[in-house]
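**Student:** what would the 3D arrangement of this be:
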Amino acid sequence: MGEAVDKAYRTIREGIVSGRLAQGSHIKAQVLAAASGLSRTPVREALRRLHSEGLIHFIPNRGAYVASWSQEDVEQYFDLCVLLEGFAAELAAKRVTEAEIEDLRRMVEEMNALMAPASPDVPAVKEANDRFHRKIMAICGNVRLERFLSSLIEADLVFSTFQHYSLDELRRAAMQHEELVAAIAARDQVWARSVMGTHLLSARHTMLRALREDQSRS
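**Tutor:** So this is what the prediction gives:
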């Protein structure tokens, strides 16, 4: 049963973060079970797990729906990210080693390479971005902070934000990564925290713009 639940969980979660299961859409357990070759029991268990993570919600007598993000949700999410990731960047600038600086620089080079095509592979960019931010978390040395931030980075809002970036916005984000590495390499804690905050506020404005555009079309 455990493997079946894990498979159902991964299938549904990937559908949400990829956008195939749109915000507010109805998730029918029997349809998902048929599509994944599983019974309804592991699918229902996977839905409960996703509910606990805030990716879906249950409406009595109606079933499961993909969670929708309101303007307030977006603002609260990024308020937390600015506060906590800014602190992580500050700690990283204090604790970083030369080897870790080189790792961060390689990650920046990888992301720049992904930006080179006229139509970048957005899932690959998102994955590279996750690795970069996770590396900074690991460098900061605060295990509890790292654990909490991991749940934020895994939120489907992160992928949704990347889907709405223009090419210029993606490249600007990559440039902000370069400046962040420069700040951490300089061991300048105030600069590192400031750059991380600017980076995340840019993402917040992108997501809020996309949310307003979606609302105007509905």
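
**Student:** mind listing what's buried along stretch 65-83?
**Tutor:** By neighbour count on 16 or more other Cβ atoms under 10 Å, the buried set for stretch 65-83 is 65, 66, 67, 69, 74, 77, 78, 81, 82. Just so you know, the C-beta spots here come from the backbone N, C-alpha and C atoms, and that holds for glycine as well.

**Student:** from those, which ones fall inside strands?
**Tutor:** 65, 66 (DSSP state E).

**Student:** ok, the buried residues of stretch 65-83 vs residue 144, which is closest?
**Tutor:** residue 81 (16.3 Å; Cβ to Cβ).

**Student:** tell me how far that closest one lies from residue 202.
**Tutor:** Applying Cβ to Cβ, to the nearest Å, the value for residue 81 to residue 202 is 12 Å.

**Student:** name the nearest of the buried residues of stretch 65-83 relative to residue 109.
**Tutor:** Sorting the buried residues of stretch 65-83 by how near they are to residue 109, with Cβ to Cβ, puts residue 81 at the top with 24.4 Å.

**Student:** tell me how many other residues crowd the closest residue to the closest one other than its chain neighbours.
**Tutor:** Residue nearest to residue 81 in three dimensions, not counting chain neighbours: residue 200, with 4.9 Å by Cβ to Cβ, 6 or more residues apart in numbering. By other Cβ atoms under 10 Å, 23 other residues sit near residue 200.

**Student:** so how far is residue 118 from residue 200?
**Tutor:** In this view, residue 200 and residue 118 are 27 Å apart by Cβ to Cβ.

**Student:** and the residue lying farthest from the centre of the chain, helix, strand or coil?
**Tutor:** Going by Cα atoms, centre = their mean, the residue of the chain most distant from its centre is residue 61, 31.3 Å out. Secondary structure, DSSP: H, G, I helix; E, B strand; the rest coil: residue 61 is coil.

**Student:** quick one, phi/psi of it?
**Tutor:** phi 70, psi 10 (degrees, to the nearest 10).

**Student:** residues in contact with the nearest residue to residue 137 once chain neighbours are set aside?
**Tutor:** Ranked by Cβ to Cβ, 6+ apart and with sequence neighbours excluded, the top spatial neighbour of residue 137 is residue 146, at 4.3 Å. Contact analysis of residue 146 by Cβ atoms under 8 Å, 6 or more residues apart in numbering lists 88, 137, 138, 140.

**Student:** helix/strand/coil for residue 146?
**Tutor:** Three-state assignment for residue 146 (three-state DSSP): helix.

**Student:** could you identify the longest helix within the protein?
**Tutor:** helix 189-217 (DSSP state H).

**Student:** enumerate the positions of that helix that are buried.
**Tutor:** 189, 191-197, 199-200, 202-204, 206-208, 210-211.

**Student:** sorry, back to before: and the pLDDT at the residue farthest from the centre of the chain?
**Tutor:** Looking at residue 61, its pLDDT reads 82.
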